[in-house]
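Participant: Test case, fold it:
(2 chains)
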Amino acid sequence: MNCYLGVDIGSISTKGVIIDENNNIITSAYIWTEGNPVNAVKNLIEILKKDLNSKYIVKGIGTTGSARKLIGLLLNANIVKNEIMAHAVGTLALYPDVKTILEIGGQDSKIILLNNGIITDYAMNTLCAAGTGSFLSSQAKRLNINIEDFGSLALKSTNPVKIAARCTVFAESDLIHKAQVGYKKEDIVAGLCKSIVLNYLNNVGKGKKIKSPVIFQGGVSKNIGVLKYFKEILNTDVIVDPNSHLMGALGIAILAKKNKTNNIYDLNIKNIDFLTKANECKGCSNNCEILKIYKDDKLIDIWGNRCDRYIKN
Amino acid sequence: MKIGIPKALYYYYFFDKWRYFFEELNIELISTNTDKKILEFGNKYANSEMCLSLKIFLGHIAYLKDKCDYILIPKIDNFGLNEQMCSNFSSLYDLVNNLFDVKILTYEINHQKKKNEKKGLFSIGLQLGFTKKQLKKAYQIACLKYHKQLKRDMMINFNKLESTKKKILIVAHSYNIHDDYIGKTIIKNLEKYNFEIIYSDLFNAKNLSHYLSLNLYWKYCKESLGAIVLCKEKVDGIIFITTFPCGLDSLVNELVMRKIQLPYLNLIIDDLDALAGIETRIESFADIIEQN
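Facilitator: Okay, here's the model as predicted:
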């Protein structure tokens, strides 16, 4: 039987799913990237392989996420696509009538607007990572709270504190100030969750018309406190799928299925030696950082040049 | 004699005319393309409040300072009532005068005080020892050649609106979109896709801007808005390119995104060292345009 692999390599976590012809998830995995996407993907594939029945043949591989290009080379993927498309396709497979996708990940956040299954508009956070997962986790550390307990603690609060929602630098100083004047921990945590939502709507969601059904995904969607304030502020129901963290991987697997060729892929990448060498080009004063990708000591691709000096032959 | 023209900010509005003007007077003009080194120079002299475009300008001055006899820096305040320039443009002369030890040629453009480009170029010409007659002839020829060229460029841009390909309107200040380091990198990325690329600065549409805002008084922002009003029925998407932290664009951007119902991408650029973020945004935008 045919199956398709989708891998979503984010800055914080690496997600993988294998689907069958009917887009059903056969197996999935979620591990930390730990700053080494190549290793993370090797581990991910091993985990996925364990649960994969030998009757399945991999007919397509897709990669998405910030390391999609590198991992696409490693896995010899038949499709490499950006996260926006992958998330939209994945979500549409489960919720065909979705109108708005809210996504808050570790380093970036985005909003995707759809109409009749077609993306009509989207936005990503621009310069700063304000209001993303990494801000929440650093604040959780400061307050000495386990990030998993963050949401449930926020729900206990009846009186969330007001925290500046425009910029995390101000949010953080507000937060310290509130803690120092003796607010309860749950009120501060609730205030933080609320500020994440306001920050998101002020930055990423500004000027966008949010229509229901609204789906919330990305790592932060697991935080029930943030979810509560999204519902409250948008005044509409917000759906979080149990597999919300896998939407990107699912989407790219579906895209890999759509773009399948007759190739059969094998998942034995454990022993492939994959190496990136960087050097500064001295060709002109732009000094581009040239990245040379080697697979088993063989040069397979060159990136990073602004001019046409290096072209993959 | 050599006159240095920094290839930044006002260069993209005036250089073509200056080129013809100084050509007639047999004066050599020097300028160079922006690259990483120029930006590094700029970062050295700039403070943190300055926008990327201004940093690039200072980088060009640093490059030019030992290579020419004079550097030409006009003080541009306005082109009439409600045709104001960004305040940086009127402060450039003083900024450079204080930061660098260079000889500067300058003139003022302030139509409200009846100071225009023609008078300015004449005063520079006289200062350099040319006669009024010579200057008059050079200026006439320069205007003629310049308007001919501008008309042709605008015509090409306007005709793109009738193209059968998907069309994207790039909204940005001329000094950002035509810059070799900022704008060309983005355009190059966009050219991978089969789109017609239309530039907001090659229209004569500033009078249309009042459909979007009655109160805006910045000349170049009004031109951008006018181009959007003119093109919005015909293009498939808008890319708004801003350099960080541009005060004017931050306002205009909000205005546009709230009033235009088209796929819309705002690229804010600070330092273009890592291109991955830009590539992702352009790629996903291109997907949406192709899908619709």
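Participant: CA atoms for contacts and neighbours, from now on please.
Facilitator: OK.
Participant: Quick check: can you list the domain ranges of the chain?
Facilitator: You didn't say which chain, so I picked chain A. According to automatic domain parsing, chain A comprises the domains A:2-89+A:249-258, A:97-240, A:274-303.
Participant: wrong chain, I was asking about chain B
Facilitator: The record assigns chain B these domain ranges, following automatic domain parsing: B:2-150, B:163-291.
Participant: re the thing from before, lowest-confidence stretch among the domains of chain A?
Facilitator: Per-segment confidence across the domains of chain A bottoms out at domain A:274-303, which has a mean of 82 in mean pLDDT.
Participant: Show me how far that domain is from its chain's centre.
Facilitator: Centroid separation for domain A:274-303 versus its chain: 26 Å, with Cα atoms, centre = their mean, to the nearest Å.
Participant: in chain A, which spans are strands?
Facilitator: A:2-9, A:13-19, A:25-32, A:57-64, A:79-80, A:100-104, A:109-115, A:118-124, A:214-217, A:238-239, A:274-280, A:289-295, A:298-303 (DSSP state E).
Participant: Relative to B:Arg19, which of the domains of chain A is closest?
Facilitator: domain A:274-303 (25.8 Å; Cα to Cα).
Participant: got TSV for the domains of chain B, with distance to A:Lys231 and mean neighbour count too?
Facilitator: As requested, the domains of chain B are exported to TSV (distance: least, Cα to Cα, whole Å; neighbours: other Cα atoms under 10 Å in any protein chain shown):
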stretch	distance to A:Lys231	mean neighbour count
domain B:2-150	38	18
domain B:163-291	23	18
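Participant: which of these has the lowest average pLDDT?
Facilitator: Mean pLDDT, when computed for each of the domains of chain B, is lowest for domain B:163-291, at a mean of 88.
Participant: ok, is it in contact with chain A or not?
Facilitator: Yes - with Cα under 8 Å from any Cα of the partner chain as the threshold, domain B:163-291 lies in contact with chain A, specifically through B:185, B:254, B:257-258, B:262-265, B:267-268, B:280-281, B:283-284, B:287-288, B:291.
Participant: what would the domains of chain B look like in a markdown table with distance to A:Glu103?
Facilitator: Listed next are the domains of chain B as a markdown table, based on distance: least, Cα to Cα, whole Å:
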| stretch | distance to A:Glu103 |
| --- | --- |
| domain B:2-150 | 30 |
| domain B:163-291 | 15 |
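Participant: And these: which comes nearest A:Ile47?
Facilitator: Distances from A:Ile47 to each of the domains of chain B were compared by Cα to Cα, and the smallest falls on domain B:163-291, at 28.6 Å.
Participant: residues contacting the residue of the stretch 51-200 of chain A found nearest chain B?
Facilitator: Closest approach between the stretch 51-200 of chain A and chain B, counting by Cα to the nearest Cα: A:Asp121, at 5.1 Å. Remark: with contacts taken as Cα atoms under 8 Å, 6 or more residues apart in numbering or on different chains, A:Asp121 is in contact with A:Ile112, A:Leu113, A:Leu114, B:Leu262, B:Pro263, B:Tyr264, B:Ile288.
Participant: shouldn't the fifth one be in contact with B:Val235?
Facilitator: No - at 9.9 Å, B:Pro263 does not count as touching B:Val235 under the criterion of Cα atoms under 8 Å.
Participant: Please work out which of the domains of chain A is packed deepest.
Facilitator: For the domains of chain A, average neighbour numbers computed from mean count of other Cα atoms under 10 Å in any protein chain shown are highest in domain A:2-89+A:249-258, which has a mean of 22.
Participant: close to chain B, is it?
Facilitator: Yes - applying Cα under 8 Å from any Cα, one finds domain A:2-89+A:249-258 in contact with chain B at A:Asn82, A:Glu83, A:Ile84, A:Met85.
Participant: so how far does that domain reach from one end to the other?
Facilitator: Across its full length, domain A:2-89+A:249-258 reaches 13 Å between end residues, using Cα to Cα, to the nearest Å.
Participant: Next, B:Thr131: phi, psi?
Facilitator: Comment: the main-chain dihedrals of B:Thr131 come out as phi -90, psi 160, following degrees, to the nearest 10.
Participant: From chain A, how far off is it?
Facilitator: Distance, B:Thr131 to chain A, by Cα to the nearest Cα, to the nearest Å: 41 Å.
Participant: How about that residue, nearest residue that isn't a chain neighbour?
Facilitator: What sits nearest to B:Thr131 in space, not counting adjacent residues and going by Cα to Cα, 6 or more residues apart in numbering or on different chains, is B:Gly125, at 7.7 Å.
Participant: repeat for A:Tyr294
Facilitator: The spatially closest residue to A:Tyr294, leaving aside those adjacent along the chain, is A:Leu275, at 5.0 Å (Cα to Cα, 6+ apart).
Participant: Contacts only, for that neighbour.
Facilitator: The neighbourhood of A:Leu275, defined by Cα under 8 Å, 6+ apart, consists of A:Ile293, A:Tyr294, A:Lys295, A:Asp296, A:Asp297.
Participant: was I right about the last one contacting A:Asp273?
Facilitator: To tie it back to what came earlier, the one meant is A:Asp297. Yes - between A:Asp297 and A:Asp273 a contact is recorded at 7.4 Å, counting by Cα under 8 Å.
Participant: wait, what's in contact with residue 282?
Facilitator: All of this refers to chain A. With contacts defined as Cα under 8 Å, 6+ apart, A:Lys282 has no neighbours.
Participant: I was thinking of chain B, sorry if that wasn't clear
Facilitator: B:Asn189, B:Leu190.
Participant: Can I take it that it is in a strand?
Facilitator: No - the secondary structure assignment for B:Ile282 gives helix rather than a strand, going by DSSP: H, G, I helix; E, B strand; the rest coil.
Participant: what residues are up against the residue nearest to A:Ile25 when sequence neighbours are not counted?
Facilitator: With Cα to Cα, 6+ apart as the criterion, A:Ile25 has its nearest non-adjacent residue at 4.5 Å, and that residue is A:Ile19. Counting by Cα under 8 Å, 6+ apart, A:Ile19 makes contact with A:Cys3, A:Tyr4, A:Leu5, A:Ile25, A:Ile26, A:Thr27, A:Leu250, A:Ala253, A:Ile254.
Participant: remind me, longest helix of the chain?
Facilitator: No chain was given, so I picked chain A. Of all the segments of type helix in chain A, defined by DSSP state H, the longest one is helix A:185-203.
Participant: sorry, should have said chain B
Facilitator: helix B:132-159.
Participant: Show me what the next helix or strand after it pairs with in its sheet, parallel or antiparallel.
Facilitator: Using DSSP states H and E, the next helix or strand after helix B:132-159 towards the C-terminus is strand B:166-171. Within its sheet, strand B:166-171 is paired with strand B:195-199 (parallel), strand B:237-243 (parallel), according to DSSP bridges.
Participant: Distance-wise, check A:Pro213 relative to B:Asp69.
Facilitator: Here the criterion is Cα to Cα. By it, A:Pro213 lies 66 Å from B:Asp69.
Participant: can you check B:Ile141 too?
Facilitator: When B:Ile141 is compared with B:Asp69 (using Cα to Cα), they lie 25 Å apart.
Participant: show me the contacts for the closest residue to chain A within the stretch 1-150 of chain B.
Facilitator: When you check the stretch 1-150 of chain B against chain A by Cα to the nearest Cα, the closest residue turns out to be B:Lys36, at 4.5 Å. Listed by Cα under 8 Å, 6+ apart, the contact set of B:Lys36 reads A:Ser285, A:Asn286, A:Asn287, B:Tyr181.
Participant: mind running it again at 10 Å?
Facilitator: Applying Cα atoms under 10 Å, 6 or more residues apart in numbering or on different chains, one finds that B:Lys36 lies in contact with A:Cys284, A:Ser285, A:Asn286, A:Asn287, A:Cys288, B:Gly42, B:Ile56, B:Gly59, B:Tyr181, B:Asp271, B:Leu272, B:Asp273.
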